[in-house]
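**Q** give me a 3D structure for the following:
(2 chains)
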Amino acid sequence: MNPDNYIVLSAILFSIGAIGVLVRRNAIIVFMSVELMLNAANLAFVAFARMNGNLDGQVVAFFVMVVAACEVVVGLALIVTVFRTRRSASVDEPNLLKY
Amino acid sequence: MNTGEAVVFWICAILAVLGAVGMVVSRKAVHSALWVALTMINLAILYVANSAPFLGMVQIVVYTGAVMMLFLFVLMVVGVDSSDSLIETIKGQRIPAILLTLGLAILLVWGIGSSLTGAPDLGLEDANTVDGGNVQGIARLLFTTFLIPFEATSALLITAAMGAMVLAHRERWIAKPTQKVLSIARFRGTVHPGNLPNPGIYARHNAVDTPALLPDGTPLMESIPAPVRARGDVAPVDHVELDEVKAISEGGTQ
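**A** Below you'll find the model as predicted:
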């Protein structure tokens, strides 16, 4: 068994997150799927850091976590704002932007 | 990778994939959030197994502790029962989406996996000990090589906090009602403005099932608590008893 397994696991988790983004209609679940994809990328970064023998990958994963935290804060505020005006958290509802 | 790490990997990998699949398939958003929390805890264990103990702890504190709980807070605001509808807005979108994503998974696993043959596995023992530990090593990188991005993330965090405050702020369009306005509204309303009379004050008993008697002797049903009234547990205050009350009040004995 070698560290490639971590990369394969990260690819599988990324794909499951992509399925969630494409299939689910609740904005919060779509958002959680994006978080899952970010986590999968983090796992790949950590595994690559271990394979290459330096800590740069871990620092990049740390930055990804910080950016993900900011993204969650702003995104959830947006979801709450949209919910207040439209009374819905579905990603299909704000289609008024088309007109 | 030794045997112990293989055992940890397989247990945590299976649990992480299980959590991810559960997140996608569960109908209720709260269940999805809890499944994602399971996945994130298992990923934290995998980070620690990859000799990244600092990132493992940060994963637990930031992701399962802060981000997922923030998700749960927002779910409580938005409404827990806002379960997903299964109606497809775009006809026939779900099956191609799943098939294409499976293709993406095969592409990723096959492409990256084949390019990884003969990849080095140097391990982080040297990098984790040269500065005295994993945290010290990451700190040295953060404050030397990655200093400018690190400062930029602080600006990003401040901006995100400001953005959340602006987005979640709600302007008050009508003036806050004062105590005078509330009082006038209460007395103009249809509801009894003050306290309801206590039960049993003018009757022989002061138990809660005995209605208070008005000066003319009629029982006041509003003095009985509403649950007792709804159960039908009102004690009978009929005219026989009223006569007894009258006899007692006029000094007679039973």
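
**Q** is whichever helix in chain A runs longest positioned near chain B?
**A** Ranked by number of residues, the top helix in chain A under DSSP state H is helix A:56-86. Yes - contact of helix A:56-86 with chain B (C-beta under 8 Å from any C-beta of the partner chain) involves A:56, A:58-59, A:61-63, A:65-74, A:76-81, A:83-84. Backbone N, C-alpha and C define where each C-beta goes, glycine included.

**Q** and those residues, which are buried?
**A** The neighbour-count test (16 or more other C-beta atoms under 10 Å in any protein chain shown) marks A:56, A:58-59, A:61-63, A:65-66, A:68-74, A:76-80, A:83 as buried among those.

**Q** now do the buried residues in whichever strand or helix holds A:Met51.
**A** Element membership of A:Met51 [criterion: DSSP states H and E] is helix A:27-52. For helix A:27-52, a neighbour-count test (16+ other C-beta under 10 Å) marks A:27-52 as buried.

**Q** now B:Ala161: which helix or strand?
**A** Going by DSSP H and E, B:Ala161 is part of helix B:147-168.

**Q** how far off centre is that helix?
**A** Remark: helix B:147-168 is offset 25 Å from the chain centroid, using C-alpha atoms, centre = their mean, to the nearest Å.

**Q** tell me which residues touch B:Ala16, please.
**A** Going by C-beta atoms under 8 Å, 6 or more residues apart in numbering or on different chains, B:Ala16 touches A:Leu9, A:Leu13, B:Leu38, B:Thr39, B:Asn42, B:Leu43, B:Leu46.

**Q** can you list the residues you listed in JSON lines and add secondary structure?
**A** Supplementary listing: these in JSON lines, determined by DSSP: H, G, I helix; E, B strand; the rest coil:
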{"residue": "A:Leu9", "secondary structure": "helix"}
{"residue": "A:Leu13", "secondary structure": "helix"}
{"residue": "B:Leu38", "secondary structure": "helix"}
{"residue": "B:Thr39", "secondary structure": "helix"}
{"residue": "B:Asn42", "secondary structure": "helix"}
{"residue": "B:Leu43", "secondary structure": "helix"}
{"residue": "B:Leu46", "secondary structure": "helix"}
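
**Q** out of these, which comes closest to B:Trp10?
**A** Lowest distance from B:Trp10 to those (C-beta to C-beta) belongs to A:Leu9, with 10.0 Å.

**Q** quick check: B:Ala127 touching A:Asp56?
**A** No - counting by C-beta atoms under 8 Å, B:Ala127 stays clear of A:Asp56, with 9.3 Å between them.

**Q** so who does the residue in chain A positioned nearest to chain B touch?
**A** Nearest to chain B, among the residues of chain A, is A:Gly53, at 2.9 Å (C-beta to the nearest C-beta). Shown in contact with A:Gly53 (C-beta under 8 Å, 6+ apart): B:Pro120, B:Leu122, B:Gly123, B:Leu124, B:Asp126, B:Ala127.

**Q** show the backbone phi and psi for the second one.
**A** Going back to what we said before, that points to B:Leu122. Backbone torsions of B:Leu122, given as degrees, to the nearest 10, read phi -70, psi -30.
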